[in-house]
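# no sequence on this one, just coordinates:
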């Protein structure tokens, strides 16, 4: 028998193999090797049964699987209906007190129907469990959202009342308006998340294909996230590596949403005075049409030294309405939809996203997106024979900047402090 299932059934079946062969010869007059699977109209099952347990299929040949309409992987170990002469070619053959040989024929409509019913019941049970989990998640989401929406709404209503009661105090009114603007922006982000997840559920979220400037996109992202980082006292480092092409084709709005979501989460879930490193670079990607140099990988990495996530939560991070369940996380505002939306957009762009995290130490997100160069006619830029010196206390920034300058034909060097920079200038120009 070449399809004996794994433990705990295989030892029992191996012991009864001789009985099975003898029973086959007695019932059919043929050896097992010649009979099993040879006749397309007959199939063979070994079924385990007992007084206190249901029938369970332990072995099925290919013909039996074809007759029943279920693969061997699905069939083995499943419950089986009690035997009936109407769908067996001959009476069941007892191998021992617990194991029986069934010989099926092409009239086996009842067994097929019952097997399909078993499979449908299993699928319905799985669907029911998934639906119950989704409903539970949505209930928790609505509970959280009612609180998250009420907070900025209360702030807007309160600040409006204060401004109206102090209408002649310009400074007071301006302060109220700034707070109203902040609260309304947060409220808008909550509403946008809900609308996006609704579009995803209904399959109506689509991507635009338009020309955009990567430099403008990065500038817009920096304008959004830097004030958030400054408010919590974070050190936010934005390192721009090798950029081969600034003008690209794609959905700049959704790309910006990806970057803002990931960096925004790093800011939110990093305690005050933390450190966040964002790096963006490009490298050539193979074009599906075989044209070299027409596509680029956008490589985006965001690292933080924040709260981190458990391995258990990492397995659920991209599910809708999911948030880490601890006292610290619950105090941070959010819908639990940002990562779901981010993952959907990245998948739609045929990119990848990887997450590494350790509880209490921080998180790293790594995103790769395949983008197309924009068909924009560029003029060669002719630069003077400049020599430049880059001075910064961040060595990575120095190396990145010098590399970018050399890409456009500028002779550049770097230094990590002012004293060594002065010495380099003196040496270059022979000053004493």
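That came through fine. Fair warning: this is a prediction, and the values are worked out from it, not measured in the lab.
# and the next helix or strand past the worst-scoring helix or strand of the chain on mean pLDDT?
Least confident helix or strand, the chain: helix 32-35 with a mean of 43, by mean pLDDT, DSSP states H and E. The first helix or strand that comes after helix 32-35 along the chain, using DSSP states H and E, is strand 42-50.
# so the very next helix or strand once past that next one versus strand 42-50, what angle?
Once the chain leaves strand 42-50, the next helix or strand it forms, by DSSP H and E, is strand 53-60. Relative orientation of strand 53-60 versus strand 42-50 (axes from the mean of the first three to the mean of the last three Cα atoms, to 10 degrees): 140 degrees.
# buried ones in the following helix or strand past strand 53-60?
Once the chain leaves strand 53-60, the next helix or strand it forms, by DSSP H and E, is helix 62-68. For helix 62-68, burial by neighbour count (16 or more other Cβ atoms under 10 Å) applies to 63, 64, 65, 66, 67, 68. Any C-beta I mention is one placed from the backbone N, CA and C, and that applies to glycine too.
# next, count neighbours for the residue lying closest to the second one once chain neighbours are set aside.
Leaving aside its chain neighbours, residue 64 sits nearest to residue 43 (2.9 Å; criterion: Cβ to Cβ, 6 or more residues apart in numbering). Around residue 43 sit 25 other residues, with neighbours defined as other Cβ atoms under 10 Å.
# before we move on, what about the one 4 residues further on?
The local packing of residue 47 (other Cβ under 10 Å) involves 22 other residues.
# what bridges to it?
residue 57, residue 100 (DSSP bridges).
# for residue 271, phi and psi?
When read as degrees, to the nearest 10, the backbone of residue 271 gives phi -60, psi 160.
# that one against residue 307, yeah?
Yes. Using Cβ atoms under 8 Å, residue 271 makes contact with residue 307 at a distance of 7.1 Å.
# give me the more crowded residue out of the two.
Ranked by neighbour count (other Cβ under 10 Å), residue 271 and residue 307 place residue 307 first, with 21 against 12.
# the more buried one belongs to a strand?
No. Residue 307 is assigned coil when assessed by DSSP: H, G, I helix; E, B strand; the rest coil, not a strand.
# on the pLDDT front, check it for me.
With respect to pLDDT, residue 307 scores 89.
# cool, and residue 74?
pLDDT, residue 74: 74.
# what about it, neighbour count?
Neighbours of residue 74 (other Cβ under 10 Å): 16.
# try residue 192
Neighbours of residue 192 using other Cβ under 10 Å come to 14.
# tell me the spacing between it and residue 198.
Residue 192 sits 11 Å away from residue 198, going by Cβ to Cβ, to the nearest Å.
# contacting residues around residue 175?
If a contact means Cβ atoms under 8 Å, 6 or more residues apart in numbering, then residue 175 has no contacts.
# closest to residue 400 among the buried residues of helix 62-68?
Nearest to residue 400 among the buried residues of helix 62-68 is residue 65, at 60.3 Å by Cβ to Cβ.
# where does pLDDT dip in the stretch 151-300 of the chain?
286-293 (pLDDT under 70).
# now the helices for it?
Applying DSSP state H, counting those that start in this stretch to the stretch 151-300 of the chain gives helices spanning 170-202, 214-231, 252-268.
# and the second one, how far out from the chain middle?
So that's helix 214-231. From the chain centre to the centre of helix 214-231 is a distance of 24 Å (Cα atoms, centre = their mean, to the nearest Å).
# mind starting the numbering at 605 from now?
Done: numbering now begins at 605, and the last item shifts to helix 818-835.
# buried residues in that helix?
So for helix 818-835, counting by 16+ other Cβ under 10 Å, buried means 818, 821, 822, 825, 826, 829, 832, 833.
# circling back: correct me, but the residue nearest to residue 668 touches residue 665?
Yes. Between residue 647 and residue 665 there is a contact under Cβ under 8 Å: 6.0 Å.
# sounds good, over and out.
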